[in-house]
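> Have a look at this fold, sequence not included:
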């Protein structure tokens, strides 16, 4: 028998299965989704099952030791915020033991998986106080699931389902399959597949399910210079947003961690060297600027930059660790350049050519070589002045001369423009989700 894993020419790092009730008409939408993420070493990181509205029903995160042997998992179901715990061990190379623990660490359920030579489960016994029965799984020559059913201790068969595969791609991964029960097609399952660190979903959402979510609105975001940390805010209340950080591990951004020391903020950005976060709070339509310094792994050293500098504003972009561009409060919001020195902000450029007298300019991104700036403009009642704009440097990095901005008409309205992956991908938010697309679609004149 051919090892199905040897057929793959590319590393599968992200897939999304869309489940449709059969028969399927042209306008039907999936009744649920399952999204799976792998580390770049092909070990599974996480899978999530979502309902038709995108609400997470199950969230399952794998845990490993330093040798990448699975030691357990944590999971949550039906919208709960706290994770439950599984512990995993191996009796031998072909037997995996999974134990479910209660809140005080006692085992209340056990599953014993018998593995084939490709480490896929062919028999799984479920044990509480006693054995309840077992699942049997059969596979095709390609390693796809062919039939699964449960057999009780009395020998009765339940939940017997089989799969027929209608389509595979050039990488020998299945794309479309039918789920059959009682000799009747019940579902059509369509699979969206991405390879080799391409986390751009077909709908554009960035890490759909646990960074870009349906339950919350993901707003401004930024990266450190090496892109090992992602900072972003999440909210259901526009003024009071919660800051988070997600760490890059083995090629994938992992579960976001709340920065509790900062409380709630309006927006902010992490510094290129990862040791500072500049942020603002909003009260009575006034934006107060703060700087948080990381000390002893905590963001506890917070300085009021508005008090030390007299400047108000938000929607920040770090050009480097000492220079920023952000939206000041002048003229309903103008872009400015400031220098950060000795915990004070010093205004160095008002960027007059980019700003309008009555519109709002905010959320800038300046390329590292200063060849262009992308920002958002909003002028009430004027659709031609709403959206992303780009301006090119007609001078050089030492003497910048910005051109008259033009609108990037291929983009929807949004903000928090960013380039990542050596400028291969463009990112933004629409205020609800973070989106990614290939930067070549912007047709930027950078050469």
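Happy to help now that I have it. Predicted model only: the values in this text are computed from it and were never measured.
> And the residue of the chain most remote from its centre, its phi and psi?
Distance from the C-alpha centroid of the chain, by Cα atoms, centre = their mean, peaks at residue 154 (45.4 Å). Here is the backbone geometry of residue 154 (degrees, to the nearest 10): phi -90, psi 0.
> hang on, residue 116 packs against residue 122?
Yes. The pair residue 116 / residue 122 is scored as a contact, 5.1 Å apart, by Cβ atoms under 8 Å. Where you see a C-beta, it was placed from the backbone N, CA and C, and this is true even at glycine.
> what's the overlap in contacts for the two?
Taking Cβ atoms under 8 Å, 6 or more residues apart in numbering as the contact rule, residue 116 and residue 122 both touch residue 139.
> And the next helix or strand past the host helix or strand of residue 33?
Assigned by DSSP states H and E, residue 33 falls within strand 32-38. The first helix or strand that comes after strand 32-38 along the chain, using DSSP H and E, is strand 44-51.
> Burial check on residue 269, number of neighbours?
25 (other Cβ atoms under 10 Å).
> Please name the residues that touch residue 232.
So residue 232 contacts 211, 218-222, 243-244, 246, 256, 434 (Cβ under 8 Å, 6+ apart).
> Filter the residues you listed down to the ones in strands?
218-222, 243-244, 246, 434 (DSSP state E).
> Number of residues surrounding the nearest residue to residue 180 once chain neighbours are set aside?
Once flanking residues are discounted, residue 180 sits nearest to residue 162: 4.9 Å by Cβ to Cβ, 6 or more residues apart in numbering. Using other Cβ under 10 Å, residue 162 has 15 other residues around it.
> And whatever helix or strand residue 162 lives in, what's buried?
In the assignment (DSSP H and E), residue 162 maps to strand 157-168. The neighbour-count criterion (16 or more other Cβ atoms under 10 Å) identifies 163, 165, 168 as the buried residues of strand 157-168.
> Switch those residues over to CSV; also include distance to residue 310.
Converted to CSV, those look like this (distance: Cβ to Cβ, whole Å):
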residue, distance to residue 310
163, 66
165, 66
168, 64
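> What residue spans form the domains of the protein?
4-195, 217-442 (automatic domain parsing).
> List the buried residues for stretch 408-417?
Within stretch 408-417, the residues scored as buried using 16+ other Cβ under 10 Å are 408, 411, 414-417.
> Next, the distance between the ends of that stretch.
This stretch, stretch 408-417, spans 12 Å end to end (Cα to Cα, to the nearest Å).
> hmm, back to that, and the domains of the chain: which comes nearest residue 204?
domain 217-442 (4.3 Å; Cβ to Cβ).
> Distance from the closest one to the middle of the chain?
The chain centroid and the centroid of domain 217-442 are separated by 18 Å, computed with Cα atoms, centre = their mean, to the nearest Å.
> for it, how far is the first residue from the last?
25 Å.
> That domain - what's its average pLDDT?
Averaging pLDDT along domain 217-442 gives 95.
> next one: stretch 128-148
97.
> Buried among the contacts of residue 232? Need that as a selection in ChimeraX.
Per 16+ other Cβ under 10 Å, the buried members of those correspond to this ChimeraX selection:
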select :211,218,219,220,221,222,243,244,246,256,434
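> hmm, which two among the buried residues of stretch 408-417 are most spread apart?
Farthest pair in those (Cβ to Cβ) is 408 and 416. Separation: 14.0 Å.
> Next, work out how far apart the spatially most central residue of the chain and residue 252 are.
Geometric centre of the chain, nearest residue: residue 207, 2.7 Å, by Cα atoms, centre = their mean. Noted for residue 207: a distance of 8 Å to residue 252, by Cβ to Cβ, to the nearest Å.
> Find residues that contact each of those two.
37, 199.
> most packed of the domains of the chain?
Of these, the one with the most neighbours on average (mean count of other Cβ atoms under 10 Å) is domain 217-442, at a mean of 18.
> Just the pLDDT at residue 110, thanks.
pLDDT for residue 110: 98.
> just the one 3 residues further on next, same as before
As predicted, residue 113 sits at a pLDDT of 98.
> Does it touch residue 123 like I think?
Yes. With contact defined as Cβ under 8 Å, residue 113 reaches residue 123; the gap is 7.4 Å.
> Relative to residue 49, how far out is residue 55?
Counting by Cβ to Cβ, the gap from residue 55 to residue 49 is 10 Å.
> Apologies, that question was intended for residue 323.
Residue 323 is 45 Å from residue 49, by Cβ to Cβ.
> Next: residue 61.
13 Å.
> if we can go back for a sec, which residues touch the strand holding residue 33?
11-19, 44-52, 54, 57, 207-209, 252.
> Now that strand: average pLDDT?
The average of the pLDDT scores along strand 32-38 is 96.
> report the angle between the axes of that strand and strand 44-51?
Strand 32-38 runs at 170 degrees relative to strand 44-51, counting by axes from the mean of the first three to the mean of the last three Cα atoms, to 10 degrees.
> residue ranges of the helices in the protein, please?
Along the chain, the segments classed as helices by DSSP state H run 305-309.
> Might you report the residue contacts of residue 45?
Residue 45 touches 37-39, 61-62, 252, 254, counting by Cβ under 8 Å, 6+ apart.
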